[in-house]
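Asks: quick one, fold the following:
(4 chains, ligands or ions: 2)
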Protein chains: 2
Amino acid sequence: MGKLKRISESTISRLSRYYRALVQLDKDNYETVSSKDLARLEHLTPAQVRKDLSFFGSFGTRGLGYPVRELKDKIARILGVDQEWNVALVGIGNIGSALVSYKEFSRQGFKIKLLFDNDQRKIGSNHKGIVIRDVANLTQELKDNNIEIVVIAVPPQQAQTVCDDIVKADVSAILNFAPINLKVPKGVSLRNENMAMELEHLSFCLVNNDYCEEG
Amino acid sequence: MGKLKRISESTISRLSRYYRALVQLDKDNYETVSSKDLARLEHLTPAQVRKDLSFFGSFGTRGLGYPVRELKDKIARILGVDQEWNVALVGIGNIGSALVSYKEFSRQGFKIKLLFDNDQRKIGSNHKGIVIRDVANLTQELKDNNIEIVVIAVPPQQAQTVCDDIVKADVSAILNFAPINLKVPKGVSLRNENMAMELEHLSFCLVNNDYCEEG
DNA sequence: CCCATGTTGTGAAAGCTTTCACAACCAATT
DNA sequence: AATTGGTTGTGAAAGCTTTCACAACATGGG
Ligand SMILES: NC(=O)c1ccc[n+]([C@@H]2O[C@H](COP(=O)([O-])OP(=O)(O)OC[C@H]3O[C@@H](n4cnc5c(N)ncnc54)[C@H](O)[C@@H]3O)[C@@H](O)[C@H]2O)c1
Ligand SMILES: NC(=O)c1ccc[n+]([C@@H]2O[C@H](COP(=O)([O-])OP(=O)(O)OC[C@H]3O[C@@H](n4cnc5c(N)ncnc54)[C@H](O)[C@@H]3O)[C@@H](O)[C@H]2O)c1
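Replies: Ligands and ions are numbered 1, 2, ... in the order given. Just a heads-up that it's a prediction; the model follows:
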């Protein structure tokens, strides 16, 4: 079992994609899948699929391929989506509200447990069955409720302060929607969802289409 | 002027980050900035900054650094954010509505011109000053209105059909929020915004914290 | 049992990206 | 004009990721 190398960002992202494909294959009652099939489904190469999986073990059978359900479960375990995670959301505005309404996260094990805002008109109100709390008590309430992942959806100016309070609660996984570079201590995982950057990437491709292949 | 190499995805993303930093530096009335400063602001290395910029030309002065405003304008040009882009949005649900309300895109030159949905209750209604059109006429209306970028925010099952209609209108830049692998012909730039994948990345880090450094 | 066909797992090669290191240059000071 | 201190631009080195290529194994049919 290859349990030594550091896993690259891109391998982790591809794991998510394999997982999604496998969930579908399982629904469609496929028993086995080859690296070739999986690669075609995700527009990758078979060698890449095999190499990615090989970092975590040998899940396939030579000549046959991978058992769909088993591989799906193995990857679920690796990705940590075989369990439930307590999620909190800070900033219940446009994006925040959209996220609360999104049922798919819960189905995948990401349970939105707490909502926070600093707007007195919103605090105390019920949003999709969850009461919005005062961000003033953020650190304490995150601790009290065993929150493991926090999503930041506040304006960029407030994001670092909110982030600091989250870190104080020993939460070590943060998803940030504010277009700003948050500083977090070592050991805290931070992912940024930056739509402006994606749009700029597209406009770059429109302007420089010769130098921008494969989207 | 280095106009030969293919530019990597990561260089383009970093260009967006330099741009954001430069806009701020300009606002704060800085005249020049060194690769060292720019690197510190974005948590990168000075060599990386210089190498990235060198793909597009020599914008700095040895001993002095880069002229902030000039470099900002140069990068704006490279990214294509020195001009306005006509954007359309398909699927005015949770995410779609959030995007329409977001003023920042317009400020950056991404002008949301058309909205589409297939829900008869929504079609014809006014959303933040823009009327929601019937997706049935998608291809024709994209053409008629010179739309250059389309954002897909419909359920995953409908995304490929919508995508095909967009491609038919010769739009070559698509931002997709549906968690599905869209197929687009060569020459069309497709970016995916997949929040589930980001959350899975975080849960991976929580489970395998030894193998997951730097978020 | 043997052979043909198919597929994995993995070292090694190729390709790509980042970092290093330094010549080339700029400005200020003496 | 020479020296000091600073910074860029870039070829080369190092590091990382992807692809290649093939031994090792599985199955099925003669
Ligand atoms: N709406 C979009 O489409 C979009 C797109 C890209 C990025 N973003 C980014 O996402 C973030 C949220 O955007 P939005 O459109 O939802 O904004 P919004 O103004 O609709 O919502 C922000 C919410 O955060 C709350 N808030 C402000 N300061 C707070 C604090 N200190 N603690 C807790 N809550 C606080 C506000 O009361 C509000 O409810 C912003 O950083 C924005 O730049 C939004
Ligand atoms: N809401 C979120 O936080 C979130 C998060 C991640 C991903 N997503 C993805 O973004 C997409 C949109 O999510 P949402 O929550 O806004 O969903 P939603 O159901 O609120 O909105 C979807 C909208 O698309 C419209 N629609 C459906 N089929 C259409 C078609 N063929 N043409 C045009 N319009 C059509 C619907 O009428 C609706 O208005 C989905 O693919 C979802 O998986 C959403």
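Asks: in chain A, mark out all the strands, start to finish.
Replies: A:32-33, A:66-67, A:85-90, A:110-117, A:126-127, A:130-134, A:149-152, A:173-176, A:189-192 (DSSP state E).
Asks: which intervals of chain A have sub-threshold pLDDT?
Replies: A:1-4, A:210, A:213-215 (pLDDT under 70).
Asks: quick check: residues of it near DNA strand D?
Replies: Within chain A, the residues that sit near DNA strand D (C-beta under 7 Å from any atom of the strand) are A:6, A:8-11, A:44-45, A:47-48, A:50-51, A:61-64. Every C-beta, even on glycine, is put in place using the N, C-alpha and C of the backbone.
Asks: how about the biggest helix by length in chain A and DNA strand C, touching?
Replies: Using DSSP state H, we find that the single longest helix of chain A is helix A:9-27. No - under the criterion of C-beta under 7 Å from any atom of the strand, DNA strand C is not reached by helix A:9-27; the shortest gap measures 10.4 Å.
Asks: then stretch A:186-199?
Replies: No - using C-beta under 7 Å from any atom of the strand, stretch A:186-199 stays clear of DNA strand C, coming no nearer than 14.9 Å.
Asks: which of the strands of chain A is buried the deepest?
Replies: strand A:149-152 (a mean of 28; mean count of other C-beta atoms under 10 Å in any protein chain shown).
Asks: give me the neighbour count for the residue of chain A found nearest ligand 2.
Replies: Ligand 2 sits closest to A:Y102 of chain A, with a gap of 3.4 Å, by C-beta to the nearest ligand atom. By the criterion of other C-beta atoms under 10 Å in any protein chain shown, A:Y102 has 18 neighbours.
Asks: dump the residue contacts of A:V131.
Replies: Contacts for A:V131 (C-beta atoms under 8 Å, 6 or more residues apart in numbering or on different chains) come out as A:115, A:124-125.
Asks: next one: A:D37
Replies: Applying C-beta under 8 Å, 6+ apart, the residues near A:D37 are A:G65.
Asks: how near is the most far-flung residue of chain A relative to its centre to A:T32?
Replies: Distance from the C-alpha centroid of chain A peaks at A:G63, with 33.7 Å (C-alpha atoms, centre = their mean). Distance, A:G63 to A:T32, using C-beta to C-beta, to the nearest Å: 11 Å.
Asks: and for A:P67?
Replies: 6 Å.
Asks: how about A:N145?
Replies: Distance from A:N145 to A:T32, by C-beta to C-beta: 42 Å.
Asks: so what's A:F177 closest to, chain neighbours aside?
Replies: A:A153 (4.7 Å; C-beta to C-beta, 6 or more residues apart in numbering or on different chains).
Asks: ok now stretch A:185-195, how far from the chain's centre?
Replies: Distance, stretch centre to chain centre, for stretch A:185-195: 11 Å (C-alpha atoms, centre = their mean, to the nearest Å).
Asks: got a list of contacts for it?
Replies: Contacts for stretch A:185-195 (C-beta under 8 Å, 6+ apart): A:167, A:171-177, A:179, A:182, A:184, B:16, B:99, B:105, B:175, B:193, B:195, B:198, B:201-202, B:205-206, B:209, B:212-213, B:215.
Asks: quick one, which of those residues are buried?
Replies: A:167, A:171-177, A:179, A:182, A:184, B:16, B:99, B:105, B:175, B:193, B:195, B:198, B:201-202, B:205-206, B:212, B:215 (16 or more other C-beta atoms under 10 Å in any protein chain shown).
Asks: quick one: is stretch A:128-141 near ligand 1?
Replies: Yes - under the criterion of C-beta under 6 Å from any ligand atom, stretch A:128-141 makes contact with ligand 1 via A:V135.
Asks: follow-up on the earlier one: near chain B at all, the longest helix of chain A?
Replies: Yes - if you take C-beta under 8 Å from any C-beta of the partner chain as the test, helix A:9-27 does meet chain B, through A:9, A:12-13, A:15-17, A:19-20.
Asks: buried residues, that helix. List them.
Replies: For helix A:9-27, the neighbour count (16+ other C-beta under 10 Å) marks A:11-23, A:25-26 as buried.
Asks: from B:V33, how far out is the closest residue to DNA strand C within chain A?
Replies: In chain A, the residue found nearest to DNA strand C is A:G63; the distance is 2.4 Å by C-beta to the nearest atom of the strand. Distance, A:G63 to B:V33, by C-beta to C-beta: 59 Å.
Asks: what's the neighbour count on A:K128?
Replies: A:K128: 12 neighbours (other C-beta under 10 Å).
Asks: list the contacts for the closest residue to it other than its chain neighbours?
Replies: Spatial nearest neighbour of A:K128, chain neighbours left out: A:V100 (5.0 Å); criterion: C-beta to C-beta, 6+ apart. Contacts here follow C-beta under 8 Å, 6+ apart; on that basis A:V100 touches A:89, A:92, A:112, A:115, A:127-128, A:130.
Asks: quick check: A:F105 touching A:L89?
Replies: No - counting by C-beta atoms under 8 Å, A:F105 does not reach A:L89; the two are 10.1 Å apart.
Asks: overlap of the contact sets of these two?
Replies: Contacts common to A:F105 and A:L89, judged by C-beta under 8 Å, 6+ apart, are A:99, A:112.
Asks: ok, of the residues of helix A:9-27 next to chain B, which one's closest to B:I78?
Replies: Using C-beta to C-beta, A:E9 comes nearest to B:I78 of these, at 24.6 Å.
Asks: what residues does the closest residue to that closest one other than its chain neighbours make contact with?
Replies: With C-beta to C-beta, 6+ apart as the criterion, A:E9 has its nearest non-adjacent residue at 7.9 Å, and that residue is B:H201. Residues in contact with B:H201 (C-beta under 8 Å, 6+ apart) are A:9, A:12-13, A:16, A:189, A:191.
Asks: look up how far B:G93 lies from B:H201.
Replies: In terms of C-beta to C-beta, B:H201 sits 25 Å off from B:G93.
Asks: now swap in A:Y18 and tell me
Replies: The value you get for A:Y18 to B:G93, if C-beta to C-beta is used, is 28 Å.
Asks: kindly report the same for A:P46.
Replies: For A:P46, the distance to B:G93 - C-beta to C-beta - is 37 Å.
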